[in-house]
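**Q** What follows is a predicted structure for the sequence shown.
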Amino acid sequence: QVQLVESGGGLVQAGGSLRLSCAASVSIFSINSLGWYRQAPGKQRELVALITTSGNTTYADSVKDRFTISRDTAKNTVYLQMNSLKPEDTAVYYCNARRAEVGYYGLYAYWGQGTQVTVSS
């Protein structure tokens, strides 16, 4: 079992910055990948950024050069630094962890409770 606790959401004006945090209940070295997803009203959940155990990162085209995913292995925490925020970044942001679990084929996905990010114009 992996528990994920997010923090750092809020209301910010366009052009501003926010940093989201996601603390995992296990060593992040036991997790294949950690990522941030978001879901806006009426839209599907989409990948924002992902970091693997080896440190490789992936970003959605819409956030490249504005958002940065990073991790603190000592704190088992992953961060999402969001700069130059736009109103279209408004969504609930979810932390995600994928890990192999006994008896489960493939990687099991764990989710945090979500944190609201609202960007005003």
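**A** Nice, thanks for sending it over.
**Q** Need the phi and psi values for Pro87.
**A** Backbone geometry at Pro87, expressed as degrees, to the nearest 10, gives phi -50, psi -30.
**Q** Okay, strands next: where are they in the protein?
**A** 4-7, 10-13, 18-24, 33-39, 46-52, 57-59, 67-72, 77-82, 91-100, 107-111, 115-120 (DSSP state E).
**Q** Just list whatever residues bridge to the most centrally placed residue in the chain.
**A** For the chain, the residue sitting closest to the mean C-alpha position, by Cα atoms, centre = their mean, is Trp36 at 2.0 Å. Under DSSP bridges, the beta-bridge partners of Trp36 are Ala49, Cys95.
**Q** so how far is Ser121 from it?
**A** Separation of Trp36 from Ser121 (Cβ to Cβ, to the nearest Å) stands at 23 Å. Quick note: C-beta positions are derived from backbone N, CA and C, even for glycine.
**Q** if we can go back for a sec, tabulate the strands of the chain (CSV), appending mean pLDDT.
**A** Shown next, in CSV, are the strands of the chain (pLDDT from 0 to 100):
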stretch, mean pLDDT
strand 4-7, 95
strand 10-13, 98
strand 18-24, 97
strand 33-39, 97
strand 46-52, 97
strand 57-59, 97
strand 67-72, 97
strand 77-82, 98
strand 91-100, 96
strand 107-111, 94
strand 115-120, 98
